[in-house]
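A.B. asks: After the sequence you'll find the predicted model.
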Amino acid sequence: MKSELIITENELPATVIAAIKDGRKIEAIKILQDATGLGLANAKVLVDRAWATHGPYKPPTSFADRPSGLTGFFKLLSMALLILAAWYFYTSA
């Protein structure tokens, strides 16, 4: 009978964590499979869980990151005209 291997995301090898921090998810799964002998599905689950805490930093989007210039102007103008049309429709009926 095959012995069970129990590994948690806290026990991942340092090379797997380094690959996750660099944003190389597929490579991290392959490294974990080679190091532990886990199957693809189990290795993917562990890497996905570790990705949530160790994955590459993505700054949160804010209002300042929205498109500016003509694109932002036309989006704002179209929203204002839509609100104005809705107001006119509901007040004149």
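C.D. replies: Arrived safely, thanks for sending.

A.B. asks: Please name the residues that touch the closest residue to residue 44 other than its chain neighbours.
C.D. replies: Distances taken as CB to CB, 6 or more residues apart in numbering put residue 29 closest to residue 44, at 5.5 Å, once the chain neighbours are dropped. (Glycine included, C-beta is placed from N, CA and C.) Taking CB atoms under 8 Å, 6 or more residues apart in numbering as the contact definition, residue 29 lies against 40, 43, 44, 47.

A.B. asks: Model confidence score at the third one, please.
C.D. replies: By that I understand residue 44. Looking at residue 44, its pLDDT stands at 93.

A.B. asks: how many neighbours does it have?
C.D. replies: Neighbour count for residue 44, taken as other CB atoms under 10 Å: 18.

A.B. asks: Pull out the buried positions in the lengthiest helix in the chain.
C.D. replies: The helix spanning the most residues in the chain, taking DSSP state H as the definition, is helix 70-92. Of the residues in helix 70-92, none are scored as buried under the neighbour-count criterion (16 or more other CB atoms under 10 Å).

A.B. asks: How far does that helix sit from its chain's centre?
C.D. replies: Using CA atoms, centre = their mean, to the nearest Å, the mean C-alpha position of helix 70-92 is found 33 Å from that of the whole chain.

A.B. asks: ok so, going back, quick one: what helix or strand has the residue nearest to residue 44 in it?
C.D. replies: When elements are assigned from DSSP states H and E, residue 29 belongs to helix 25-36.

A.B. asks: Helix or strand next in line after that helix, which one?
C.D. replies: Taking DSSP H and E as the definition, the helix or strand that follows helix 25-36 towards the C-terminus is helix 40-54.

A.B. asks: That next one to helix 25-36, inter-axis angle?
C.D. replies: Angle between the axes of helix 40-54 and helix 25-36 is 120 degrees (criterion: axes from the mean of the first three to the mean of the last three CA atoms, to 10 degrees).
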